[in-house]
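Participant: quick one: sequence and predicted model below, then my questions.
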There are 2 protein chains.
Amino acid sequence: MSQWKQIQQLEIRLLEHVDYLYDDNFPMDIRQGLASWIEAQDWDTAVNDESMAAVMFANLLSQLDRVRSQEQNFLQRHNMKIIQQQLQLKYTTNPAIMARVISTCLREERRILSSACTEEQGPLEKSLQN
Amino acid sequence: MSQWKQIQQLEIRLLEHVDYLYDDNFPMDIRQGLASWIEAQDWDTAVNDESMAAVMFANLLSQLDRVRSQEQNFLQRHNMKIIQQQLQLKYTTNPAIMARVISTCLREERRILSSACTEEQGPLEKSLQN
């Protein structure tokens, strides 16, 4: 099961923590639309390798093109276009920053999932506040 | 039938014109989620009446709260929250600007619909390019 699928099965209280991870820097539409592809990339290494990050950014845009061209719903297709424009504006000259944002989101998701697995969920609350 | 429903029945070539009307200033998610409510408001008058625009902006936020609280889908609920934050940042001190944006979008939609009704669609293309 993809990490994103596991996230969606969390109880609402924990989903609220995931909610705060996502904004215009990494829209949740992309996290959901490209879930498996995103999880298969090595964002951690790209954070410190500008040329690798540039290739991954170009690949991400291609993936979005593919998803958009298959989307039948007008609103979803429109939103995908807006997101592509925003990402291009934000990261074309700074792809490593995008890699850092995605790497951080995935790590935080894992932290939430791992803490949710412990029987006592008290420590998660404490950990998320730090 | 609501204006927005009519818009969605346009052929793809004309939908592309509608696509360009919407961005962060007036996200299409709101246009769709509050279609009937939006069409029932007098945005044209609010453009020149700051206090009326402020009330309408507050009402819009309340409508979004209502829609968000009823939304079961995590991603949609998240997107609605982000949009609310963006609108508050943009229009709290300038509600008349929001009224102008919405008024313009609705008028342009009517223009596209009205031109689409004419047998000859050549003039629409010309008109939309001006």
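Facilitator: It's in.

Participant: from here on, contacts and neighbour counts on C-alpha atoms
Facilitator: Fine.

Participant: can you tell me the closest non-neighbouring residue to A:Leu87?
Facilitator: A:Asn25 (7.7 Å; CA to CA, 6 or more residues apart in numbering or on different chains).

Participant: first-to-last residue distance for stretch A:44-57?
Facilitator: Distance between the two ends of stretch A:44-57: 14 Å, counting by CA to CA, to the nearest Å.

Participant: now that stretch: buried residues?
Facilitator: By neighbour count on 16 or more other CA atoms under 10 Å in any protein chain shown, the buried set for stretch A:44-57 is A:44, A:46-47, A:50, A:52-54, A:56-57.

Participant: per-residue pLDDT of A:Gln121, please?
Facilitator: Looking at A:Gln121, its pLDDT is 52.

Participant: how about the helix or strand where A:Arg107 lies, does it get close to chain B?
Facilitator: If you go by DSSP states H and E, A:Arg107 is part of helix A:95-117. No. Counting by CA under 8 Å from any CA of the partner chain, no contacts exist between helix A:95-117 and chain B, the nearest distance being 15.0 Å.

Participant: over that helix, what's the mean pLDDT, rounded is fine.
Facilitator: pLDDT averaged over helix A:95-117 gives 95.

Participant: quick one, phi psi at the residue sitting nearest the centre point of chain A?
Facilitator: Central residue of chain A (CA atoms, centre = their mean): A:Arg31, 4.0 Å from the mean position. Main-chain dihedrals, A:Arg31, degrees, to the nearest 10: phi -60, psi -40.

Participant: next one: A:Leu64
Facilitator: Phi and psi for A:Leu64, reported as degrees, to the nearest 10, are phi -70, psi -40.

Participant: state the pLDDT value of it.
Facilitator: A:Leu64 is given a pLDDT of 96.

Participant: check the gap between it and B:Gly33 for me.
Facilitator: Relative to B:Gly33, A:Leu64 is positioned 24 Å away (CA to CA).

Participant: again with A:Leu60
Facilitator: On the measure of CA to CA, A:Leu60 and B:Gly33 end up 29 Å apart.

Participant: which bits of chain A sit near chain B?
Facilitator: Checking chain A against chain B by CA under 8 Å from any CA, the hits are A:8, A:19, A:23, A:28-29, A:74-75, A:78-79, A:82.

Participant: and the buried ones among these, selectable in PyMOL?
Facilitator: Restricted to buried positions by 16+ other CA under 10 Å, the PyMOL selection for those reads:
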select buried, chain A and resi 19+28+29+75+78+79+82
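
Participant: dump the residues of chain A next to chain B to CSV, plus secondary structure.
Facilitator: Below are the residues of chain A next to chain B laid out as CSV (DSSP: H, G, I helix; E, B strand; the rest coil):
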residue, secondary structure
A:Gln8, helix
A:Asp19, helix
A:Asp23, coil
A:Met28, helix
A:Asp29, helix
A:Phe74, helix
A:Leu75, helix
A:His78, helix
A:Asn79, helix
A:Ile82, helix
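
Participant: of the residues of chain A next to chain B, which is the nearest to A:Gln88?
Facilitator: Of all the residues of chain A next to chain B, A:Gln88 sits closest to A:Ile82, with 10.0 Å by CA to CA.
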